[in-house]
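J.: got a sequence here, can you model it:
(chains A, B, C, D, E, F, G, H, I, J, K and L)
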12 protein chains.
Amino acid sequence: MTNATPQRILVIHGPNLNLLGKRDPTLYGSETLEQINARLAAIGHDLGFDVVCKQSNIEGDIVELVHSARGAFGGIVINPAGYSHTSVVIRDALLAVGIPAVEVHLSNLYAREEFRRVSLTGAVTRGVVSGFKSGSYEWGLRALIQIIEGK
Amino acid sequence: MTNATPQRILVIHGPNLNLLGKRDPTLYGSETLEQINARLAAIGHDLGFDVVCKQSNIEGDIVELVHSARGAFGGIVINPAGYSHTSVVIRDALLAVGIPAVEVHLSNLYAREEFRRVSLTGAVTRGVVSGFKSGSYEWGLRALIQIIEGK
Amino acid sequence: MTNATPQRILVIHGPNLNLLGKRDPTLYGSETLEQINARLAAIGHDLGFDVVCKQSNIEGDIVELVHSARGAFGGIVINPAGYSHTSVVIRDALLAVGIPAVEVHLSNLYAREEFRRVSLTGAVTRGVVSGFKSGSYEWGLRALIQIIEGK
Amino acid sequence: MTNATPQRILVIHGPNLNLLGKRDPTLYGSETLEQINARLAAIGHDLGFDVVCKQSNIEGDIVELVHSARGAFGGIVINPAGYSHTSVVIRDALLAVGIPAVEVHLSNLYAREEFRRVSLTGAVTRGVVSGFKSGSYEWGLRALIQIIEGK
Amino acid sequence: MTNATPQRILVIHGPNLNLLGKRDPTLYGSETLEQINARLAAIGHDLGFDVVCKQSNIEGDIVELVHSARGAFGGIVINPAGYSHTSVVIRDALLAVGIPAVEVHLSNLYAREEFRRVSLTGAVTRGVVSGFKSGSYEWGLRALIQIIEGK
Amino acid sequence: MTNATPQRILVIHGPNLNLLGKRDPTLYGSETLEQINARLAAIGHDLGFDVVCKQSNIEGDIVELVHSARGAFGGIVINPAGYSHTSVVIRDALLAVGIPAVEVHLSNLYAREEFRRVSLTGAVTRGVVSGFKSGSYEWGLRALIQIIEGK
Amino acid sequence: MTNATPQRILVIHGPNLNLLGKRDPTLYGSETLEQINARLAAIGHDLGFDVVCKQSNIEGDIVELVHSARGAFGGIVINPAGYSHTSVVIRDALLAVGIPAVEVHLSNLYAREEFRRVSLTGAVTRGVVSGFKSGSYEWGLRALIQIIEGK
Amino acid sequence: MTNATPQRILVIHGPNLNLLGKRDPTLYGSETLEQINARLAAIGHDLGFDVVCKQSNIEGDIVELVHSARGAFGGIVINPAGYSHTSVVIRDALLAVGIPAVEVHLSNLYAREEFRRVSLTGAVTRGVVSGFKSGSYEWGLRALIQIIEGK
Amino acid sequence: MTNATPQRILVIHGPNLNLLGKRDPTLYGSETLEQINARLAAIGHDLGFDVVCKQSNIEGDIVELVHSARGAFGGIVINPAGYSHTSVVIRDALLAVGIPAVEVHLSNLYAREEFRRVSLTGAVTRGVVSGFKSGSYEWGLRALIQIIEGK
Amino acid sequence: MTNATPQRILVIHGPNLNLLGKRDPTLYGSETLEQINARLAAIGHDLGFDVVCKQSNIEGDIVELVHSARGAFGGIVINPAGYSHTSVVIRDALLAVGIPAVEVHLSNLYAREEFRRVSLTGAVTRGVVSGFKSGSYEWGLRALIQIIEGK
Amino acid sequence: MTNATPQRILVIHGPNLNLLGKRDPTLYGSETLEQINARLAAIGHDLGFDVVCKQSNIEGDIVELVHSARGAFGGIVINPAGYSHTSVVIRDALLAVGIPAVEVHLSNLYAREEFRRVSLTGAVTRGVVSGFKSGSYEWGLRALIQIIEGK
Amino acid sequence: MTNATPQRILVIHGPNLNLLGKRDPTLYGSETLEQINARLAAIGHDLGFDVVCKQSNIEGDIVELVHSARGAFGGIVINPAGYSHTSVVIRDALLAVGIPAVEVHLSNLYAREEFRRVSLTGAVTRGVVSGFKSGSYEWGLRALIQIIEGK
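T.: Here you go, the predicted model:
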């Protein structure tokens, strides 16, 4: 895998995250997706990275977003939300493109239902941050940048 | 969640239901989707409700159909078909919009394969009607209207 | 199996349902069993059916109630309550008499404890209605009548 | 446990067996319970044993039938039917009275549903005969007599 | 739930306990049920409580005994014996009446067969005492009285 | 499958049965295999049947013994012993030849180790007799003859 | 289902297969999807069949591709990739259209992760070829043609 | 095992119990460990027993406390708290010293998380008392004394 | 592993396959083993390979057949039939000889009983073809030859 | 829970972490524990927090370290290492003290052995960071401080 | 069981062990079976024992080898290899002959695939030695001799 | 890992082993720990090795004993006793120090309770010896020395 464009990072928001700020704030926090995206762009900018954010509710679209990162982005921050637990195909996509990826979750998966115990996708990323609401994105992004910069 | 438009009901038909009437009639009955939709519209009309019907084979589209009901519909009748057993994301969507929903199934899930035993989506609706072929839609719609009217 | 008396329907209430209206109303609703029985009789009457209601807390008595329907009733609405999940013998009874049956539950089984996930009895009925409190009986009865009338 | 009356044998028919001859004959055979009882009495008579037959659909009644055998019968032939797979209490009753017992089943349990794979009750009898329709009773009775006579 | 008659306690003995003193004494002790009942009555009397004892082998009867305690007894000591592990309906009955209940077992359930590992009924009582043979009843009764008296 | 030679019955003794009479007599009885074979031949003779007995410790040999019955025997009594629980191939052989077969076991499988709970082979025979030591063979043979004679 | 156009075959490539030739060649081989498609077209041509190839990463699109085969194609070669293990809806689609289908996999599923052990979709096809990298397509296509030609 | 010092009883409090009175009082009660110890000493004193209380958060220390009871104490009351469900080594220690022991729990284990369903340690004690908050200690101690005194 | 004799291929037919053509043709097809062998020999001949076919019902013999391929054959086509699901030893043999092997099955394993879901042996071959009746052998042989020729 | 000393943070390193920098660097990184502690102290200092670091290999000691934080620290960063998957008692300790805690892991748990899939301890913390080697501590500390400051 | 010939020991090598020295030497070592046999004979000779070695790939033959030890050998060293995990019949044979036996394995079973976790056969031997390649035989033989000599 | 001091071996005795000779001798033998240590020292001395023996009941102490072997011992003989089945942390310690280790058990784990079936620690040692009472230590030590000496 080539790292031709390490200074660009793709943030992929999975299903239902377009509703952020409107769902149960105890679990997911009160920021909207736009606010999170702005915050991530600002952090990226400070650290010398372009941060591009996409959202999709469709599993196959997320597969294609992951594919699109090949040769165009230096890393991926992904929140596959409910697909984390069931999607063999996003897992396969992450493996196929081979770009450093970090998985983030708004809520703490270990504290939720049994069926959220496994993360098929998280297993093929470099690391997983979960439970800090929108903060998970911030720490996930910072961790990814640290990995890309080889620190 | 506001119930600004309680007199409108969204019916969501999940995957493969566009083939209705052409699949194994012992299991699924012989009515087509158009016939079912017409019947539901008529029942709704009699009871003072607009019934809007949509069909999609794509999990993420169904997530978005559910999202679209926020502030626009008073309730949802959903037949997630095969997605009932695996879709964390439709479940999360139903939870996120918080509109009263009823799940319906043409066939009797308890009498089928092991993997149809769990309904991740049905667990977050008000009730589930299964086994009465197209009748499941009728009873599900009537039950939903009774819930909306607070009877 | 002969259907000599299709115009009579037997409603079987299983264990603890004699306490209805006194148990947790959030889960089970606030109607008493007598009120439900009266409502079912009225619906039946409107549709040209005699509705006979019985309640028992004893598994074997319910088996015998099911047996008693042979040749005397055109269909059965049954709420086996807690026995749904464990009773091989009520299942065998329903299979043995071969009369159309519909299973109903006040609460939504998919949303409750793990041990309520399976319905041994529901698997051998035509369909299952669950979650609409006393409404489940109404929709179950109407669905059964539609089946008997071959609509 | 005393064996004061070894020449008397109690046959206990469990739930739904009163319908015998009317249920699916492929699985259960076409003889009625009365015919089976007569046949067992005749076999017993030939071998010098009184055979007393009882049927009940009620788990607790079967417990009491088992209890009643203490000091009054030399052995028990029991077909717990659907209770075989779930009844800890009939199992405990059989253990408590300590009289030689043989379990019989009309159908071949190994060839049926997964939930009929375990026999809690059969595990505490001397042996199990299953699959020979009414013949299972004959061979079970003959086997029990051979055990009682210490052959 | 009203506590109009807190000074009366209902003791419910489940299946096979009528044989007490005659079954394996290593496991269950050598006292008869009558001796246990007398002992419990005496302890109750000393502490200012009427103790009423009932035994039944029938699951549904035990459900009705539990129901009968509503408004008539201040607490229940129950030994559901073999039904502990399988009875959803006794569990539901205990939940429905909402009177303080304590579960007792003669033998130590943790030291026995795998299928005695779960107590569906014990899970909805205040506490469980097991393993002390007839002593389990004594400590269960004393514990219940302490709960009723709010100590 | 033709039943050209119904008057001949093949008895197949599986692994370790050559040691009969020398192994734990509590579990397996004290008769030797020769004594059992003689007894089965005598019973067969009385009922007009030739009984041929074979023993093998080798799974594949037992498959071939089953094959050899096609067109040559009217029925099979088989004790697959330890292979009952693991042998897909003897199961497939019994299915392939399609001759009526009865499975017998010296000990009561329901009362033994967990891994003896399933009988892959018994599931494809007409019935199973277990627990009566050498008596299991007698009752199995008699049951098979009754099946062959269509009684 | 009519076989009006048996001489046309639809090849459906599932998720991530658009990356073929760029992913781990040890597992998936080094041919691109275009090369595979060309090879399949050539083989089809030699045998008198038109081979039409489609790829999609979206589960619901694959459902619709399967639907599109009704009345238009004589058979389907499908590689559902990661969806094989989780997609009830593609399974339902294959059942609904009832056209002969063959499932193919580049890698040997039996030799991979536990979660690739089940193929919900393969269970409703005529046969499955896996492990031969792009060769799996060739053998799957040839096998399908043999089935269509009724050889 | 010698019972040289039956009049002394060792009470072992497991991990986190030093915080008693400060943790969630609904679950654990509001008494402190010192108050419980004083109460147990008083009860012991009344019945002619010295009660010595120890607390440790360390699994291996509890093993050694159990060892220390050999030849020095007539019985053990133990609350292994969270170690009950996982500690093979405390179980082995209880078995090794062979002194009568009783297990107590403040909360009702049957009513809590799945992972508290098994008690490896309780399985090797004489009996288990759970759910009565600090009362569990009282009844456990009284039950143990009754056992030691052979009543 | 040396490939000294790549132009020879060993075909191993496992248990019950000697009955081919006589067993259930819906599942297994109507060709006999001799016909299949002739067809494979012809295909091999066309492609420049000697094809040697063996059949055995004995697990250990199949192990030895696999061993015999070392240094003598360039590849193995194996249908372990019922042994596929249980035989650790054939798996170990295939691993030990290290010759390219392909597993074939007449029926579609994914569509059959639960216990046919795993293939211990298939997991150590290059690929698996199942479901095409005798065709599975043809495609398996052709695939193997393609592997040997390094295409 | 009082937050009297929010400006102090306790970092608890669990078992084997004293070897850091000497174990498999691919999995755990090459920094030593001292280096990590220094880095955390520096980060804390920059943000106005005192960071105190402790290490223990003993489960019960870690319980006591957690207890020691009550009233003395505003938050806990904990890496329970191997205890995460088995320790009910550290979980109970974290629940008992009720101070905000964050769990960190050097390696990505989702990508390791099956027995590392569950985190009993992580389930009762605010969030979990895993996979970034020593970076996990940094992001966990920063996330905790953000929680304490209520941002 | 008589120990008439304690000075002779039977070593049984199970399936695939004839290939020893030719299979993966990392796992199994580089000695051939002949070398191992010679080494065992020499050790036996030094200690005053005749060591007879047999190898078979056939499960039933191994059963018969075990049988042959009755009255002829004082002990058995057995490496059932792949049969360890599946063979009920070798287990039954070892139980039936009742001669002291020791199980050995070249590789460390605990470190291999899940399906090698259980040893049905090892469970009925005196002890198991695994992981020391050919050394496992040496230590197993020495341990067996120590047992026979009653040291 | 350096092997600077190969001539020294650390023997670690886990929990409850300090009671050796006083626990159930059928299972564990009658030698005391001191006797075993003396025997191991003597064997080591004969072979040119210093053998140092330690015992601890505390999991974390055992972790530290394992750590202490780095650079100081050439190998470890460890009997983790009850910790074998649950201790992820001792496993991690053994992996971290990377010194050759051998696991020993007094009793035959395969013949005991289900929860002793897995050895988390044994899986990361070179080999496991179990069932020979104190002999297990002898053979484990001799095997370890053979490994260290590279024989």
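J.: for chain E, what's the nearest residue on chain A?
T.: residue A:114 (17.2 Å; CB to the nearest CB). To be clear about C-beta, it is placed using only N, CA and C from the backbone, and glycine gets the same treatment.
J.: and the pLDDT at that residue?
T.: With respect to pLDDT, residue A:114 scores 84.
J.: Provide the backbone phi and psi angles at whichever residue of chain A sits closest to chain I.
T.: Of all residues in chain A, residue A:88 sits closest to chain I, at 16.2 Å by CB to the nearest CB. The phi/psi pair for residue A:88 (degrees, to the nearest 10) reads phi -70, psi -30.
J.: where does residue A:94 land in three-state SS?
T.: At residue A:94 the chain is in helix, as set by DSSP: H, G, I helix; E, B strand; the rest coil.
J.: how many neighbours does it have?
T.: 27 (other CB atoms under 10 Å in any protein chain shown).
J.: nearest spatial neighbour of it, chain-adjacent residues omitted?
T.: Counting by CB to CB, 6 or more residues apart in numbering or on different chains, residue A:94 lies nearest to residue A:124, which is 4.9 Å off, once chain neighbours are set aside.
J.: per-residue pLDDT of the one you found, please?
T.: For residue A:124, the pLDDT comes out at 96.
J.: from chain C, how far out is it?
T.: 30 Å (CB to the nearest CB, to the nearest Å).
J.: which residues touch that residue?
T.: A:91, A:94, A:95, A:101, J:111 (CB atoms under 8 Å, 6 or more residues apart in numbering or on different chains).
J.: run a quick neighbour tally on the fourth one.
T.: Using other CB under 10 Å as the criterion, residue A:101 is surrounded by 27 other residues.
J.: any idea how far it is from residue J:108?
T.: 11 Å (CB to CB, to the nearest Å).
J.: then the first one?
T.: Here residue A:91 is placed at a distance of 13 Å from residue J:108 (CB to CB).
J.: hey, what's in contact with both of those two?
T.: residue A:123.
J.: can you list phi and psi of the residue nearest the centre of chain A for me?
T.: What sits nearest the mean C-alpha location of chain A, by CA atoms, centre = their mean, is residue A:78, with 1.7 Å. Main-chain torsions, residue A:78, degrees, to the nearest 10: phi -130, psi 130.
J.: any idea how many residues pack against the closest residue to chain L within chain A?
T.: At 16.2 Å from chain L, residue A:110 is the closest residue in chain A, using CB to the nearest CB. Around residue A:110 there are 23 other residues, counting by other CB under 10 Å.
J.: quick check, pLDDT for it.
T.: 93.
J.: in contact with it: list those residues for me.
T.: By CB under 8 Å, 6+ apart, residue A:110 lies in contact with A:117, A:130, J:118, J:119, J:122, J:123, J:128.
J.: where does the prediction get shaky in chain A?
T.: Along chain A, segments meeting pLDDT under 70 span A:1-6, A:151.
J.: so where do the helices sit in it?
T.: Assigned by DSSP state H, chain A shows helices spanning A:25-28, A:33-46, A:59-68, A:88-97, A:135-148.
J.: quick check: phi and psi at the closest residue to residue A:36 other than its chain neighbours.
T.: Setting aside the residues directly before and after it, residue A:36 is nearest to residue A:134 in space (CB to CB, 6+ apart), at 4.9 Å. When read as degrees, to the nearest 10, the backbone of residue A:134 gives phi -70, psi -20.
J.: isn't residue A:134 up against residue A:34?
T.: No. Under the criterion of CB atoms under 8 Å, residue A:134 makes no contact with residue A:34, lying 11.4 Å away.
J.: residue A:142 touches residue A:40, doesn't it?
T.: No. Using CB under 8 Å, residue A:142 makes no contact with residue A:40, being 10.0 Å away.
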